[in-house]
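# task: produce atomic coordinates for the following.
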Amino acid sequence: MTDAVARLAEVRANIAKAEKEAGRPAGAVTLVAVSKTFDADAIRPVIAAGQRVFGENRVQEATAKWPALKQETPGIELRLIGPLQSNKAKEAVALFDVIETVDREKIAAELAKESGKQGRAPRLYVQVNTGLEPQKAGIDPREAAAFVARCRDVHGLSIEGLMCIPPADENPGPHFALLEKLAREAGVEKLSMGMSGDYETAVRFGATGVRVGSAIFGSR
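Numbering: from 1, shown residues only. Coordinates of the predicted model:
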C-alpha cells in the first residue's frame, strides 16, 4: 500500500500547485480521499500518512468499517458523498460529519428530525445536478437557491455549500463555474467539486473540497 501513500503525496502536490497558479492561499482546498470499496487495511496507510478527511458513497459500507477506524485515530472527518435514502438518515447522522448529498425535501426533513433526536448536526451540502442528467441525483440548478432557502427556513438546517458531479463526457469547467455562481446566489461558501480526473480544474474554479478516489487508492 506504499503506492497509495505515494499517490496521496502526488495529489497533494498537484492541489498545492493548482492553488498557487489560481492565486489562492495554500491550504484553501480540502482533499477528500474517497475510500469507497476499500477495506480498513487499505485505508490505514493513508491515515498514517496524515490524511484525515475521507468520503464514502454508501451508509452501510461506511458503518461496517469507519467506527473502528475513527476510534483508532481521533480527528478523522467522514463525508457521505453518495445518494442518501431517507431510511438511512438515522445511521448517516450518527456516523458522518458531513453529508454532501442533500437533494430533496424528504431528505431535508429526515435529516432535521434525526439531528434533533440525536443532538448531532452534520455539516450539509446540497447536491446540484448541473448537467440535468435524468439518471443522476441532485437538485435542478434553477431550483438550487430556493431549495437552500427552504432547507434553512422550513427545516432549520444549516447548509454549508453545494456539490456537483459533472457529466462524464463533458468539459467540467462550465459545470464548476455554474456551481460557483449558484453558491453565490444561495449565500453559501463551500464548493465540493472535482474528482480524480478533473480536481486541478476544480481548484481553478474555486473548489473548497475535491473528492479524489482512484488517483489515491488505485482502480477499484
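# hey, where'd the helices end up in the protein?
2-21, 40-48, 59-72, 89-95, 105-118, 144-153, 172-186, 199-204, 214-217 (DSSP state H).
# find the nearest non-adjacent residue to residue 129, please.
Spatial nearest neighbour of residue 129, excluding adjacent residues (C-beta to C-beta, 6 or more residues apart in numbering): residue 138 at 3.1 Å. All C-beta spots, glycine's among them, are computed from the backbone N, C-alpha and C.
# what pLDDT does that neighbour get?
Note for residue 138: predicted pLDDT of 97.
# surely it meets residue 125?
No. Using C-beta atoms under 8 Å, residue 138 makes no contact with residue 125, being 10.8 Å away.
# mind checking which of those two has more residues around it?
Per other C-beta atoms under 10 Å, whichever of residue 138 and residue 125 has more neighbours is residue 125, with 28 against 23.
# who does that one form a beta bridge with?
The bridge-partner assignment for residue 125, based on DSSP bridges, gives residue 161.
# quick one: contacts for it?
By C-beta atoms under 8 Å, 6 or more residues apart in numbering, the contact list for residue 125 reads 98, 99, 100, 101, 102, 159, 160, 161, 162, 163, 190, 192.
# I'd like those as TSV, with distance to residue 214 appended.
Converted to TSV, the contacts of residue 125 look like this (distance: C-beta to C-beta, whole Å):
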residue	distance to residue 214
98	21
99	23
100	18
101	20
102	25
159	29
160	26
161	23
162	23
163	19
190	23
192	17
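# tell me which two of those residues sit farthest apart.
Farthest-apart pair in the contacts of residue 125 is 101 and 190; separation 13.8 Å (C-beta to C-beta).
# more neighbours, those two?
Using other C-beta under 10 Å, the more surrounded residue of residue 101 and residue 190 is residue 101, with 23 against 19.
# isn't that one right up against residue 85?
No. The pair residue 101 and residue 85 fails to qualify as a contact (C-beta under 8 Å) at a distance of 10.4 Å.
# so where's the chain uncertain?
The model of the chain has pLDDT under 70 over residues 1.
# residue 95 and residue 169: what is the separation?
34 Å (C-beta to C-beta, to the nearest Å).
# hmm, residue 47 is touching residue 66, no?
No. Look at residue 47 against residue 66 with C-beta under 8 Å: they stay out of range, at 11.0 Å.
# give me the common contacts of those two.
With C-beta under 8 Å, 6+ apart as the test, residue 47 and residue 66 both reach residue 76.
# circling back to that earlier point, tell me which of the contacts of residue 125 is nearest to residue 152?
Closest to residue 152, out of all of the contacts of residue 125 and judged by C-beta to C-beta, is residue 159, at 6.5 Å.
# mind listing what the closest one touches?
Residue 159 is in contact with 102, 124, 125, 126, 148, 151, 152, 186, 188, counting by C-beta under 8 Å, 6+ apart.
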